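Chemist: take this sequence and fold it.
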Amino acid sequence: MPTQPTVLIDGRWTSRESALAVRNPADGSLVGRLDWTDAEQAAADATAAAEAAATAFAGWAGTGVRERCRLLSAAADLIEERADFLADLLAREAGKRLPEARGEIAFSVEYFRWFAEQARRPHGAVVQEERAVRRHLVRRKPAGVVASLTPWNFPCSIQARKLAPALAAGCTVVARVSEKAPLAVTEMIRCLTDAGLPPGAVNLVHGPAAEITEALLAHRAVRVVSFTGSTEVGRLIMRQASNRIVRPLLELGGNAPFLVLDDADVDAAVEGAMLARFRNTGQSCIAANRFLVQDGVHDEFVAAFAARIKAMTVGDGTADPCPDLGPVIDDERAAAVRGLVDEAVAAGAQVHGGEQRLPEAGSYVAPCVLTEVPQDVGLAAEEVFGPVAGIFRFSTVEEALTTANATEMGLAGYVYSGDLGRGWRIGEQLDVGILGVNEPLPSVAFAPMGGVKQSGLGREGADVGLEEFTEVQYAALTL
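Modeler: Numbers count the residues shown, from 1 in each chain. Here you go, the predicted structure:
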């Protein structure tokens, strides 16, 4: 059980008088304690952390890119060395299956390694002059202090996706992580300080989210706010950011369509559906949310998908053998998912699965798939964030595209087709920022992550993810 201080300000790890118990959603057991403060102290901590980041900014931005990247690579090495400890902690506090927790830690390492390499590549330009005596140069400079605000579903990899490019670009950071799964990401950040990052380069505060966010966005030195979470909160952060013209980088809610065309390999589509829907017990922003299946393969797909779901095992993700599904994050989420199922059934939907015997303790939801789901229920319109899938039949591609795009969200979308060209052309017509064609897990460190419409602004990952933390400076020189 972690006992070290969990608040980091100006290079010093400190404790607070009060603490928050972090419990395993698999059985309610205590995983560890998080230093916690009231709203007033949390705002003061956030301000102090922003001051520390502001003071450290000039030195960190002025550190040569080779040295910055050496330190990030050293941090990646430490995270990898401590991977077993971090993954076990993550699995217990978030209810993850241990193999998925290990995968998330490995993905976090990849972000630090990739951006440590990417930051050393050229990012400027010499523009062709129009007169012999003039030269035109374009360069990128670190933007300033970054507020990094992350959720509980992938606490380590999402924070790594923000920290790595921000620090590589020369920015300093104040991080706030979700209290629902804060311990592994806190220990990941400890790897950064243990690797030798200077005081103030990265800071970490805990406490009520609203007060911390407000204090950070009001601070004169904060120039970028990077947030992953709900669209509702994202809108609030964007409004607050506008008061000081702070750049918002927002990855928000999703409602991903998963199209199965009548020429698809049904076995491959079912395998992809299992990964796209049930990874992390369905608690992923890019999870397939609405399964749109064409008439010609609908019944075959439903039968095969339902059979796979009925065979799933449910339990503690750290058990041996490891179950197919763990718990959802808490009882509130479990009740919300069950409520979506109950509403759909009351409106005429048919349930397939949901028959697993669940552990007596813990925040569990039995996996199931529903057919004949009306379009006016929550299962058709809301982000499920749990191990439940709704299937919607369609006849024509035009009908499927209309249904798929009839939402204000646009984070991810999936298409399965036996004709790759056809699948690609149809996929291009989806209003989404991330597309998987015969591919259920599109996320990689070197590709941009982000959505369109109400699913956010900006991109994380890839070269554009580094640019989000920089400002462009143009210079004209007369010789």
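Chemist: sec struct for the spatially most central residue of the chain, please.
Modeler: The chain has residue 158 as the residue nearest its centroid, 4.5 Å off, counting by Cα atoms, centre = their mean. For residue 158, the assignment made with DSSP: H, G, I helix; E, B strand; the rest coil gives helix.
Chemist: who touches it in this structure?
Modeler: 150-151, 228 (Cβ atoms under 8 Å, 6 or more residues apart in numbering). For glycine as for every other residue, the C-beta is placed from the backbone atoms N, C-alpha and C.
Chemist: buried residues in stretch 24-36?
Modeler: 24-27, 31-36 (16 or more other Cβ atoms under 10 Å).
Chemist: for the residues you listed, give me JSON lines that also has pLDDT and distance to residue 172.
Modeler: JSON lines is the format used below for the buried residues of stretch 24-36 (pLDDT from 0 to 100; distance: Cβ to Cβ, whole Å):
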{"residue": "24", "pLDDT": "98", "distance to residue 172": "34"}
{"residue": "25", "pLDDT": "98", "distance to residue 172": "34"}
{"residue": "26", "pLDDT": "98", "distance to residue 172": "37"}
{"residue": "27", "pLDDT": "97", "distance to residue 172": "39"}
{"residue": "31", "pLDDT": "98", "distance to residue 172": "30"}
{"residue": "32", "pLDDT": "97", "distance to residue 172": "27"}
{"residue": "33", "pLDDT": "96", "distance to residue 172": "28"}
{"residue": "34", "pLDDT": "97", "distance to residue 172": "23"}
{"residue": "35", "pLDDT": "96", "distance to residue 172": "21"}
{"residue": "36", "pLDDT": "96", "distance to residue 172": "24"}
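Chemist: any idea how far the residue nearest to the centre of the chain lies from residue 237?
Modeler: 15 Å (Cβ to Cβ, to the nearest Å).
Chemist: so where does residue 298 fall, helix or strand?
Modeler: Residue 298 is part of helix 295-310 when elements are defined by DSSP states H and E.
Chemist: for that helix, what is the average pLDDT?
Modeler: In this model, helix 295-310 has a mean pLDDT of 97.
Chemist: dump the residue contacts of residue 93.
Modeler: By Cβ under 8 Å, 6+ apart, the contact set of residue 93 is 22-24, 31-32, 181-184.
Chemist: one more time with 7 Å
Modeler: Listed by Cβ atoms under 7 Å, 6 or more residues apart in numbering, the contact set of residue 93 reads 22, 24, 31, 181, 183-184.
Chemist: surely residue 141 is within a strand?
Modeler: Yes. With three-state DSSP as the criterion, residue 141 is assigned to a strand.
Chemist: beta partners for it?
Modeler: Counting by DSSP bridges, residue 141 is bridged to residue 471.
Chemist: report the contact partners of it.
Modeler: So residue 141 contacts 470-471, 473 (Cβ under 7 Å, 6+ apart).
Chemist: filter those residues down to the buried ones, ChimeraX style.
Modeler: In ChimeraX syntax, the buried subset of the contacts of residue 141 is picked out as below (16+ other Cβ under 10 Å):
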select :470
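Chemist: pLDDT and distance to residue 355 for the contacts of residue 141 - can I get that in CSV?
Modeler: Below are those laid out as CSV (pLDDT from 0 to 100; distance: Cβ to Cβ, whole Å):
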residue, pLDDT, distance to residue 355
470, 97, 53
471, 96, 56
473, 95, 62
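Chemist: among the contacts of residue 141, which one lies nearest to residue 385?
Modeler: The closest of the contacts of residue 141 to residue 385 turns out to be residue 470 (Cβ to Cβ; 33.0 Å).
Chemist: which stretches of the stretch 301-450 of the chain form strands?
Modeler: Assigned by DSSP state E, counting those that start in this stretch, the strands in the stretch 301-450 of the chain fall at 350-353, 368-371, 388-394, 412-416, 434-437.
Chemist: which other helices and strands does the longest one contact?
Modeler: This points to strand 388-394. When contacts are defined as 3 or more Cβ pairs under 7 Å, 6 or more residues apart in numbering; DSSP states H and E, strand 388-394 sits against strand 288-294, helix 295-310, helix 331-346, strand 368-371, helix 397-405.
Chemist: what comes up buried for the third one?
Modeler: By neighbour count, and taking 16+ other Cβ under 10 Å as the criterion, the buried residues in helix 331-346 are 333-334, 336-337, 340-341, 344-345.
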